[in-house]
Structures are given as C-alpha cells and as structure tokens.
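Asker: sequence first, predicted coordinates after that:
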Amino acid sequence: MKTKGIVHGKVIKLDQGPGLPDGQVVLVTVEPISAMSTNSSQALAALRRAAGSWADEADELDRFLEWNRQQRKGSRPEIPE
C-alpha cells in the first residue's frame with residue numbers, strides 16, 4: 001500500500017487507514033513529497049472534478065471544443081514549407 005501522510009515528530013499521520021490491526025509490525029519507507037508533485041496532484045484532482053461536471057453535457061462540450069479548435073486555427077500563422 002502507498003499513501004500520503006504528515007510527519008509530527010516521531011509520528012506520521014496517514015491520509016487513510018492502513019487496513020491493518022493495531023499492533024501489527026510493519027516496515028516503513030519514508031520519502032518526502034516535493035511541493036511540485038503535491039501541486040500537480042491537487043491540479044489533477046481539480047481537473048477530475050471539472051471533467052465530472054461536464055458528464056451531463058458531453059455534446060455541448062464537444063461543440064465548444066470544436067469551436068475552440070476552429071478559433072485557434074484561424075489565428076495561427078501559416079508555416080512556410
């Protein structure tokens with residue numbers, strides 16, 4: 001199992017329970033999470049929430065994305081061959 005936690009002195013408070021009985025002996029490997037990966041995971045969670053909000057409007061979203069592509073196409077300079 002992998003989960004995140006926060007260090008408080010000699011105690012690590014886990015985000016979720018390990019699913020093991022109290023008193024179970026375990027081997028722990030501690031690796032700090034960089035701020036960048038934390039921000040990335042927060043951004044991914046926000047994107048997932050937003051994508052879920054489009055679930056009932058998939059056709060409308062498709063029309064918007066196609067319109068957006070067309071708008072971007074018109075404003076791009078041609079690439080010389």
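Answerer: In hand now; what should we look at?
Asker: would you map the helices across this structure?
Answerer: Ranges of helices within the chain are 35-53, 58-75, based on DSSP state H.
Asker: lowest mean pLDDT across the ones you listed, which one is that?
Answerer: Across the helices of the chain, helix 35-53 has the smallest mean pLDDT, namely a mean of 74.
Asker: Gly19 contacts Met1, correct?
Answerer: Yes - using CB atoms under 8 Å, Gly19 is in contact with Met1, at 7.2 Å. Where you see a C-beta, it was placed from the backbone N, CA and C, and this is true even at glycine.
Asker: report the separation between the residue nearest to Val30 when sequence neighbours are not counted and Thr29.
Answerer: Closest residue in space to Val30, ignoring its immediate chain neighbours: Ile12 at 7.4 Å, by CB to CB, 6 or more residues apart in numbering. Ile12 is 11 Å from Thr29, where distance means CB to CB, to the nearest Å.
Asker: give me the more crowded residue out of those two.
Answerer: Ile12 (13 against 5; other CB atoms under 10 Å).
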